[in-house]
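Here's my sequence, what's the structure:
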Amino acid sequence: MWWHTSVGISGCPSEGTAGRADGFRHDYLAFVQLYGGRYRQYALARLTDASLGEEAVEQTLAYLAGGWDAVLRCPQPMAACWVLLRQVVSDRSRRASRTDRLHRALPDPVADAAVLRYRLGLDPKIAAHLMGVEEWTLRAELRTAARILDRG
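Numbers count the residues shown, from 1 in each chain. Take a look at the predicted model:
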C-alpha cells in the first residue's frame with residue numbers, strides 16, 4: 001500500500017489508521033480523470049520514455065487506489081498525491097539512469113515547479129493546484145530555480 005512508502009506527508013494517517021477504498025469509488029475515478037493526463041505529462045517530461053512514464057503513473061494510481069480513504073484524510077490530499085507521484089517517478093528515473101537535469105540541480109519541489117511551468121507550460125495556478133501548494137509557494141519555487149540555475 002502507498003502508506004508503506006516513505007512519502008512523509010505531515011498529518012496523513014499512519015499505517016495503523018489507513019483505510020482501503022472498497023472498489024473504485026466515484027471520487028477516486030474523478031481524480032484519475034481530472035489529473036491522470038497531467039500526471040502522465042509530468043512523468044514523460046522527467047523520464048523521456050512513454051512506457052516508463054506510463055508505468056510510473058499506473059503504479060502511483062494503484063497505490064492511491066489502495067489507500068484512497070487515507071489520502072482523503074490528509075490535510076492536503078493533492079500534495080500527498082503529488083509527493084507520491086514524484087517519489088515513484090524519481091525511483092524509476094534512478095533505476096533507468098534517466099535523472100533529468102532539473103532534478104539533479106534543484107531540490108525536488110523546486111524542480112517540479114520548473115518542469116510544470118516551463119517544460120509543460122502550465123499556468124502557475126494550475127501547476128500549484130496539481131502540486132497541492134499555494135500559488136505563491138509555486139512562484140517562490142520558480143524564483144529559487146532561476147537563482148540556482150543562473151549560478152550554475
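
just checking, residue 56 touches residue 49?
No. In this structure, residue 56 sits apart from residue 49 without contact. The criterion is CB atoms under 8 Å, and the distance is 9.7 Å. In short, each C-beta sits where N, CA and C put it, glycine included.

Could you name every residue contacting both of these two?
Between them, residue 56 and residue 49 have no joint contacts when contacts are counted by CB atoms under 8 Å, 6 or more residues apart in numbering.

Of the two, which one has the most company?
Of the pair residue 56 and residue 49, residue 56 is the one with more neighbours under other CB atoms under 10 Å, namely 28 against 16.

Give me the secondary structure label for that one.
Counting by DSSP: H, G, I helix; E, B strand; the rest coil, the backbone at residue 56 sits in helix.

The residue lying closest to residue 134 once chain neighbours are set aside: neighbouring residues, count only.
Of all residues beyond its chain neighbours, the one nearest residue 134 is residue 128 (6.2 Å), with distances taken as CB to CB, 6 or more residues apart in numbering. The number of residues packed near residue 128 is 22, by other CB under 10 Å.

List the contacts of whatever helix or strand residue 128 lives in.
Remark: residue 128 resides in helix 124-131, with elements defined by DSSP states H and E. Applying CB under 8 Å, 6+ apart, the set of residues contacting helix 124-131 from outside is 35, 38, 78-79, 82, 109, 112-113, 116-117, 120, 122, 134-135, 137-139, 142.
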